[in-house]
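> kindly generate the corresponding structure for this input.
(2 chains)
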Protein chains: 2
Amino acid sequence: MKRTRNRVTSYDVARLAGVSQPTVSRAFTPGASITKDKRDRVLAAAKQLSYLPNSIARSLANARSNIVAVIVGDMHNPFYAESLQAFITRLQDSGRHVLAFTISDGRDCDDALMQALGYHVDGIVVTSAHLSSDLISTSQDAGIPIVLFNRRTADPALASVRCENEAGAATLARAMCNAGGREFLIIRGDPQGSTSRDRVNGFRSELEALGVAPGRVEEIDGQSSYAGSYDAVLSRFKDKVRPFPDAIFAVNDIMAIGCADALRGEFGLAIPDDIMLAGFDGVREATRAPYELTTIRQPIEVMVEKTLDLLERKQSGTLEDAGNSLVVTGELIAGKTVPAGTAAPGGDGDRS
Amino acid sequence: MKRTRNRVTSYDVARLAGVSQPTVSRAFTPGASITKDKRDRVLAAAKQLSYLPNSIARSLANARSNIVAVIVGDMHNPFYAESLQAFITRLQDSGRHVLAFTISDGRDCDDALMQALGYHVDGIVVTSAHLSSDLISTSQDAGIPIVLFNRRTADPALASVRCENEAGAATLARAMCNAGGREFLIIRGDPQGSTSRDRVNGFRSELEALGVAPGRVEEIDGQSSYAGSYDAVLSRFKDKVRPFPDAIFAVNDIMAIGCADALRGEFGLAIPDDIMLAGFDGVREATRAPYELTTIRQPIEVMVEKTLDLLERKQSGTLEDAGNSLVVTGELIAGKTVPAGTAAPGGDGDRS
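Got it, this is the predicted structure:
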C-alpha cells in the first residue's frame, strides 16, 4: 500500500518556500516563533512536496499520544455537533482525547490535516472528502491512519465508515411514492460531497424504478445548510408558474428544517397536507414537535465505534484490505411529514 | 497567589493508591500500558493529594504546545456546541488547537481537568464550576492557567468570563411585567451552577422591585435540558387546580424550547396568547420560525475572545488581579413569545 518515492528533505521545502531551513523546522515546532506568512508558505510548499517533518517521524517512535484528531464539518449542522460529541465521549471514556478541527466557512481540509499531522496523533478522522491524495499518502507513509466518517472516496487505500445512503434515500422515495407523491423536488447539499451525491442518486434511481419520469424530478441547491435551504425554497416557490412539487426530499435534516420553516412561514403551506417532506440524518432537532420529520437516522454511536476500531486496526496493522470500507444501515424514522402510504401496488413503504 | 505546601511525590500517590511507583508514572504517560482500574485509583489518589507528575512539570519547561483544553458541558445544549465551535475556529485561525473534553452524562469535571493536566496544554477553559479547589491550585502551581466560561465561583483566584446574567434576566422580568404577566413560573437549570442561580435571582429581584409578591413566583426544575424541561412542564400543567401561570421564564433556551413544545403539543396552549415565554442564550434554534423566542443573546464570539485573552495574560503573567472576572452584556432579542409591552407606569421594556 505504501508508495516508494524520493525522500523530500526540509531543504527542498525551504527552497520552494523561499525561506531558510531553520524556518521550516520552526514551522513544524508547536509554539516556535514564526510569522503567519512564512508559516503558510512553508506549509504550502510542504504540502506540494508531500514533506513530512522529522519531528513527526521522531514522535512516532515514541509512545502513542492517545490523541485522535477529528476534523468536523460545519457544526451549524447538528449532525456534526452530535458526531463530535460522540467521538469526545467515547474516546474520553477510554482515556483518549479529541483534538478538534473544523473546516467550516470554506476552510481547507488539507490545511486542517496538515496541522493535525504536526501533532503526533494516533489517527485522524475526517468528515470531508476534499483531501489531496498527496497528503493522504504523506500521513499513510508516516503511519498515521486516516478514516473518513460519513464520506467515501474512490481511493481504495482510504478507509471509510458511512451509512447506506443510497438505500436510505430509496426507502424515502418509496414512502413518498406510496403516499401519492407525483412531482418531486430534491434539495441537494455540497455537489462535491459523496454523501449528498449518493443520496440524490439513491432517491432518483428508486423513483425511476417506480416509473416516475425524470422530468418530474427537479433539483435545487440548498448548500447543506439551514439558511441555504431556506433561501433556495424561498426563491423556488415565489414563482408559482412552474409545476408545483408535492414531495420534497432534502438530503440532510438541517436543510429539511430550513425548508419546513420557509414553506410554513413564507407561504403558509401545510406539511404534509400541501407538500410532504423528508430529510436524512435523524438529528434530535428534526424529531421534535414542530417538525416530527420523516427521515433516516444515521446510527452515530455505531459509526463512531466502527471508525475508532478501523483506526486501531490500521495502526496495529491488523486490517485486511477488504475491511477498509464499512457501511452501516440507517433506520427509517416514520415522522409526520410523509403520510402513511396507501396500499399502492408494489409499494412496501410500511409505516405505522 | 501560589500556595506553599509540602511537595507530594509519586511515592505518596503510589502508597495511597496501593500500587507501585512505576505504575503511577505509567498512569501519567499517554499510551503507557495500565489497566483502567489502576489508572482510576492513581488519578483518584493524585487528585486527593494534589499531586502533579514530574512529566508535566518537565514539559512546561519546553515550548508551548499551542493546545488549549476546552471542557464543555452537555452539547445537547446548543449553546455549548456553538461555544465549542467558536473556540475551535478562533484557535485554529491562529495555528492553535482545541483538545476537547465533555462533562455530560454526569461525568466529573475534576476527572476531565486531571486528564487535561496530563497533556502540556497552554491553558484550560472550563464551562462548569464543579471543580475541587485542590485541583485548581495544582494547575495554578504548574503554571497552567484556567478560565471559567459562562460560570463563576467565589474563588477570586479563578478567572471567569460570563454574561450579565442578573441584568439580562431582570430585563426579561420587566418585559413580561409590562406585557401583563401576573403569575410567574421559573424553569431553573442546575441548582449548583452559578449561571442558573444568577438568572433566577436576577429575575426574582426585578419582579420584587416591580411589586410582584414572592408568592406569585413559582419555580420548577428543568434539569438544564430539553427533556427535563418538557417533562417538568408536563407534570406541572397536567394538574389544573393550581394557579395558572401566564408568564414562564426558562433560564436557558433549550429548556424554553422544550417548554414551548410541551405547552403546544401536550396542552394545545398558544404562545404568547395563553402563556408568554422567555429564554436565555440566543441559540440559533430558538430564533427560528417555530419558536422566535424572546431571549437574551450571549455574545459567544466576544466571550471566546475575552477568554483566550485572559488565558494568554495569565500565562504571560501580565494579568492584574482586578481583571480576573469579565462580564459582558447580553442583547435582548425581541422575539414573538413575549408581547410588546403596554405603556405600564414605570416600565421600560421598550420592544419593537
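
> what residue ranges in the stretch 1-150 of chain A score low on pLDDT?
For the stretch 1-150 of chain A, applying pLDDT under 70 flags the ranges A:1-7, A:28-32, A:50, A:52-64, A:104-107, A:129-135.

> what parts of the stretch 201-350 of chain A come near chain B?
Within the stretch 201-350 of chain A, the residues that sit near chain B (CB under 8 Å from any CB of the partner chain) are A:Tyr226, A:Ile257, A:Asp261, A:Arg264, A:Gly265, A:Arg284, A:Glu285, A:Arg288, A:Ala289, A:Pro290, A:Tyr291. Any C-beta I mention is one placed from the backbone N, CA and C, and that applies to glycine too.

> and the residues you listed, which are buried?
Neighbour-count burial (16 or more other CB atoms under 10 Å in any protein chain shown) applied to these gives A:Tyr226, A:Ile257, A:Asp261, A:Arg264, A:Glu285, A:Arg288, A:Ala289, A:Pro290, A:Tyr291.

> pull the most distant pair out of the residues of the stretch 201-350 of chain A next to chain B.
Across these, the longest distance by CB to CB is 21.3 Å; it joins A:Gly265 and A:Arg284.

> where does the stretch 151-300 of chain A have low pLDDT?
For the stretch 151-300 of chain A (pLDDT under 70), the answer is A:241-242.

> hey, where'd the helices end up in it?
A:165-178, A:194-209, A:226-237, A:253-267, A:284-287, A:300-316 (DSSP state H, counting those that start in this stretch).

> and the third one, how far out from the chain middle?
It stands for helix A:226-237. 21 Å (CA atoms, centre = their mean, to the nearest Å).

> angle of it against helix A:253-267?
50 degrees (axes from the mean of the first three to the mean of the last three CA atoms, to 10 degrees).

> what bridges to A:Arg297?
Beta-bridge partners for A:Arg297, by DSSP bridges, are A:Asp281, A:Glu331.

> how close does it get to chain B?
16 Å (CB to the nearest CB, to the nearest Å).

> and if you look at A:Thr171?
26 Å.

> let's see the pLDDT reported for the closest residue to that residue other than its chain neighbours.
Leaving aside its chain neighbours, A:Thr171 sits nearest to A:Leu332 (5.6 Å; criterion: CB to CB, 6 or more residues apart in numbering or on different chains). What the model reports as pLDDT for A:Leu332 is 97.

> A:Leu332: neighbour count?
Using other CB atoms under 10 Å in any protein chain shown, A:Leu332 has 20 other residues around it.

> and the strands in chain A?
Chain-ordered strands for chain A, with DSSP state E as the definition, fall at A:67-72, A:97-102, A:123-126, A:146-149, A:159-163, A:184-188, A:217-221, A:247-250, A:276-278, A:295-297, A:325-328, A:331-333.

> out of the ones you listed, deepest packed?
Highest mean neighbour count of the strands of chain A: strand A:247-250, a mean of 30 (counted as mean count of other CB atoms under 10 Å in any protein chain shown).

> which strands or helices does that one pack on?
In terms of contacts (3 or more CB pairs under 8 Å, 6 or more residues apart in numbering or on different chains; DSSP states H and E), strand A:247-250 is packed against helix A:165-178, strand A:184-188, helix A:253-267, strand A:276-278.

> what packs against the last one?
Put plainly, it is strand A:276-278. Other helices and strands packing on strand A:276-278, by 3+ CB pairs under 8 Å, 6+ apart, are helix A:165-178, strand A:247-250, helix A:253-267.

> which of the ones you listed is buried the deepest?
strand A:247-250 (a mean of 30).

> wait, doesn't A:Ala232 sit right on A:Ile220?
Yes: with contact defined as CB atoms under 8 Å, A:Ala232 reaches A:Ile220; the gap is 4.8 Å.

> between the two, what contacts are shared?
By CB atoms under 8 Å, 6 or more residues apart in numbering or on different chains, A:Ala232 and A:Ile220 have these common neighbours: A:Ile187.

> separation between the residue nearest to A:Glu208 when sequence neighbours are not counted and chain B?
Once flanking residues are discounted, A:Glu208 sits nearest to A:Pro214: 6.7 Å by CB to CB, 6+ apart. Relative to chain B, A:Pro214 is positioned 33 Å away (CB to the nearest CB).

> for A:Pro214, give its distance to A:Phe184.
To A:Phe184, A:Pro214 is 10 Å away according to CB to CB, to the nearest Å.

> for A:Gly279, same thing?
For A:Gly279, the distance to A:Phe184 equals 14 Å [CB to CB].

> now do A:Ile300
For A:Ile300 relative to A:Phe184 (CB to CB), the value is 28 Å.

> A:Leu308 too?
Where A:Phe184 is concerned, A:Leu308 sits at a distance of 38 Å (CB to CB).

> got it, and A:Ala270?
18 Å.

> A:Gly73 and A:Thr127 touch, don't they?
Yes: counting by CB under 8 Å, A:Gly73 touches A:Thr127, with 4.9 Å between them.

> that older thread, the residue nearest to A:Glu208 and A:Arg313, how far apart?
42 Å.

> of these two, who's got more company?
Remark: of A:Pro214 and A:Arg313, A:Arg313 carries more neighbours, 17 against 8, as counted by other CB under 10 Å.

> give me the nearest residue to A:Val304, chain neighbours excluded.
In space, A:Val304 is closest to A:Ala86, 4.5 Å off (CB to CB, 6+ apart).

> give me the number of neighbouring residues for the one you found.
Counted with other CB under 10 Å, the neighbours of A:Ala86 add up to 19.

> go on, A:Val13?
27.

> what does A:Ser94 give?
When neighbours are defined as other CB under 10 Å, A:Ser94 has 10 of them.

> ok, A:Lys36 next?
10.

> report the contact partners of it.
B:Gly95.

> recalculate using a threshold of 10 Å.
B:Asp93, B:Ser94, B:Gly95 (CB atoms under 10 Å, 6 or more residues apart in numbering or on different chains).

> could you measure from A:Ser205 over to chain B?
Noted for A:Ser205: a distance of 33 Å to chain B, by CB to the nearest CB.

> for A:Ala256, see how far away the closest residue to that residue other than its chain neighbours is.
Leaving aside its sequence neighbours, A:Ser205 sits nearest to A:Ala170 (CB to CB, 6+ apart; 6.8 Å). As for A:Ala170, its distance to A:Ala256 is 17 Å (criterion: CB to CB).

> how about A:Gly143?
Applying CB to CB, the value for A:Gly143 to A:Ala256 is 41 Å.

> count the residues that sit near the closest residue to A:Ala169 other than its chain neighbours.
Spatial nearest neighbour of A:Ala169, excluding adjacent residues (CB to CB, 6+ apart): A:Gly202 at 3.5 Å. Neighbourhood size, A:Gly202 [other CB under 10 Å]: 23.

> thought A:Ala173 was touching A:Gly202, still the case?
Yes: counting by CB atoms under 10 Å, A:Ala173 is a contact partner of A:Gly202 at 7.6 Å.

> quick check: neighbours shared by those two?
With CB under 10 Å, 6+ apart as the test, A:Gly202 and A:Ala173 both reach A:Phe249.

> contacting residues for the nearest residue to A:Glu301 once chain neighbours are set aside?
Residue nearest to A:Glu301 in three dimensions, not counting chain neighbours: A:Ala86, with 5.9 Å by CB to CB, 6+ apart. Neighbouring residues of A:Ala86 by CB under 10 Å, 6+ apart: A:Ile300, A:Glu301, A:Val302, A:Met303, A:Val304, A:Glu305, A:Thr307, B:Met75, B:Thr102.

> now the residues you listed as a markdown table including distance to A:Asn178?
A markdown table is the format used below for the contacts of A:Ala86 (distance: CB to CB, whole Å):
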| residue | distance to A:Asn178 |
| --- | --- |
| A:Ile300 | 28 |
| A:Glu301 | 30 |
| A:Val302 | 28 |
| A:Met303 | 28 |
| A:Val304 | 33 |
| A:Glu305 | 34 |
| A:Thr307 | 34 |
| B:Met75 | 37 |
| B:Thr102 | 41 |
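
> can you list the domain ranges for chain A.
A:10-163+A:301-328, A:165-298 (automatic domain parsing).
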